[in-house]
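[1] Structure, please.
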Amino acid sequence: QVQLVESGAGLVQAGGSLRLSCAASGYSFSSCALGWFRQAPGKEREPVAAISRSGGITYYADSVKGRFTISRDNAKNTVYLQMNSLKPEDTAVYYCALRWSQMGNWYEKYEYDVWGQGTQVTVSS
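    Numbering: from 1, shown residues only. Reported below is the predicted structural model:
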């Protein structure tokens, strides 16, 4: 059974940093593209970043470009989201997700096949 488990939740002041991790099990990790999404209270789940199977291609939402970095370690079956210069508007539950297909749009929720349970990030002003 494919499973994703996020970690790294925390409360941080504006301008601070956090690193989220997402550990995967139950499938060939290196054969899947991965993404991070987030959902703030009362809002739709929105795309944050994505990374290709090899890690050679990355995508970012405009709102996080230059501040967040997605990476993966296929030997550890883990994908990371390094978040710097955090802002209060980054407060949300963050979800990692995987997709088998290499086609389609990285920012569309329906492209993803498996989701983690989410981890809370709170940024205070």
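
[2] Could you use CA atoms for every contact and neighbour count after this?
    OK.

[3] The residue most central in space within the chain: helix or strand, and which one exactly?
    Nearest to the geometric centre of the chain sits residue 36, at 2.2 Å (CA atoms, centre = their mean). Taking DSSP states H and E as the criterion, residue 36 maps to strand 33-39.

[4] neighbouring strands for that strand, and are they parallel or not?
    Strand pairing for strand 33-39, determined by DSSP bridges: strand 46-51 (antiparallel), strand 92-99 (antiparallel).

[5] if you average pLDDT over the following helix or strand past the first one, what comes out?
    Think strand 46-51. The helix or strand immediately downstream of strand 46-51 is strand 58-60, counting by DSSP H and E. What strand 58-60 shows for mean pLDDT is 97.

[6] who does strand 58-60 touch, helix- and strand-wise?
    Contact analysis of strand 58-60 by 3 or more CA pairs under 8 Å, 6 or more residues apart in numbering; DSSP states H and E lists strand 46-51 as its packing neighbours.

[7] For the strand it packs on, buried residues please.
    Of all the residues in strand 46-51, those buried under the rule 16 or more other CA atoms under 10 Å are 46-51.

[8] need the strands for the chain, in chain order.
    Along the chain, the stretches classed as strands by DSSP state E are 3-7, 10-13, 18-25, 33-39, 46-51, 58-60, 68-73, 78-83, 92-99, 114-115, 119-124.

[9] could I get those strands as JSON lines with distance to residue 106?
    Shown next, in JSON lines, are the strands of the chain (distance: least, CA to CA, whole Å):
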{"stretch": "strand 3-7", "distance to residue 106": "18"}
{"stretch": "strand 10-13", "distance to residue 106": "26"}
{"stretch": "strand 18-25", "distance to residue 106": "17"}
{"stretch": "strand 33-39", "distance to residue 106": "7"}
{"stretch": "strand 46-51", "distance to residue 106": "6"}
{"stretch": "strand 58-60", "distance to residue 106": "8"}
{"stretch": "strand 68-73", "distance to residue 106": "13"}
{"stretch": "strand 78-83", "distance to residue 106": "15"}
{"stretch": "strand 92-99", "distance to residue 106": "9"}
{"stretch": "strand 114-115", "distance to residue 106": "14"}
{"stretch": "strand 119-124", "distance to residue 106": "20"}
